[in-house]
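[1] Sequence first, predicted coordinates after that:
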Amino acid sequence: MAGSSVQAGRLAPLNARGHKAAVMIFMVIVVAHWGEHVVQAVQIWVLGWPVPEARGILGMPFPWLIESEWLHYGYALVMLIGLFVLRPGFTGRSRNWWTLALAIQAWHHVEHLILLIQAISDSNLGGRAAPTSIIQLLVPRVELHLFYNAIVTAPMIVAMLVHRRPRPDERAEMACTCAAAPELRERPVGA
């Protein structure tokens with residue numbers, strides 16, 4: 001039965017007729033955030049800026065954005081919610097990849113929650129001068145968050161690619177219009 005895996009209720013349209021648009025809007029947000037991390041990395045490793053001055057694009061005119069644990073936590077929460085809410089629209093292999101991204105983001109969210117709690121309580125992990133996540137005890141923050149965003153985004157991209165080219169059994173379960181036309185699936189790549 002088509003769409004049997006799609007959740008019922010007010011969010012159901014996001015995983016049916018609105019799935020394609022919702023996923024694309026979500027991905028614009030994800031890529032924009034990723035871009036901020038990439039720009040920050042370029043500022044540090046290509047331009048040679050000190051880490052406190054490398055604030056990405058939005059952090060340049062609004063430096064408080066980089067320093068706000070609330071903002072970082074809020075984005076991690078939006079990512080977690082987006083991955084959770086859009087998951088029912090994926091089927092088969094694409095759902096497995098999307099679920100992997102969700103699991104990784106769940107951990108990333110925990111790390112941001114730890115940072116937020118430290119910022120609120122003014123008591124930092126390991127007696128550090130600034131809020132520090134668990135993995136950040138081993139890996140510097142800039143590199144860690146660039147890595148986290150990469151390992152969350154990669155399975156999302158795979159999920160979307162697989163979702164666009166479903167197997168017949170996966171297509172039968174889909175309630176959305178994300179899949180390419182069946183005749184496009186049968187055509188060899190490059191033909």
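    That came in fine, so what should we check first? Remember, predicted model here, so these are calculated numbers, not experimental data. Numbering: from 1, shown residues only.

[2] Return the list of helices and strands in contact with the one helix or strand Leu161 maps to.
    Per DSSP states H and E: Leu161 is located in helix 141-164. Packing partners of helix 141-164 (3 or more Cβ pairs under 8 Å, 6 or more residues apart in numbering; DSSP states H and E): helix 19-45, helix 92-121. Using the backbone N, CA and C atoms, a C-beta is placed for each residue, glycine as well.

[3] worst average pLDDT in those?
    Looking at the helices and strands packed on helix 141-164, the lowest mean pLDDT belongs to helix 19-45 (a mean of 93).

[4] just to revisit the earlier point, how far does the next helix or strand after the helix holding Leu161 sit from its chain's centre?
    Beyond helix 141-164 in the direction of the C-terminus, DSSP H and E gives the next helix or strand as helix 168-173. Relative to its chain's centre, helix 168-173 lies at 25 Å (Cα atoms, centre = their mean, to the nearest Å).

[5] returning to what we had before: what would the helices and strands packed on helix 141-164 look like in JSON lines with distance to Met156 and mean neighbour count?
    JSON lines is the format used below for the helices and strands packed on helix 141-164 (distance: least, Cβ to Cβ, whole Å; neighbours: other Cβ atoms under 10 Å):
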{"stretch": "helix 19-45", "distance to Met156": "7", "mean neighbour count": "16"}
{"stretch": "helix 92-121", "distance to Met156": "5", "mean neighbour count": "18"}
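
[6] Distance to Ala76 added to the ones you listed, as a markdown table?
    As requested, the helices and strands packed on helix 141-164 are exported to a markdown table (distance: least, Cβ to Cβ, whole Å):
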| stretch | distance to Ala76 |
| --- | --- |
| helix 19-45 | 10 |
| helix 92-121 | 4 |
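
[7] Nearest to Tyr148, out of those?
    Nearest to Tyr148 among these is helix 92-121 (4.8 Å), distances taken as Cβ to Cβ.
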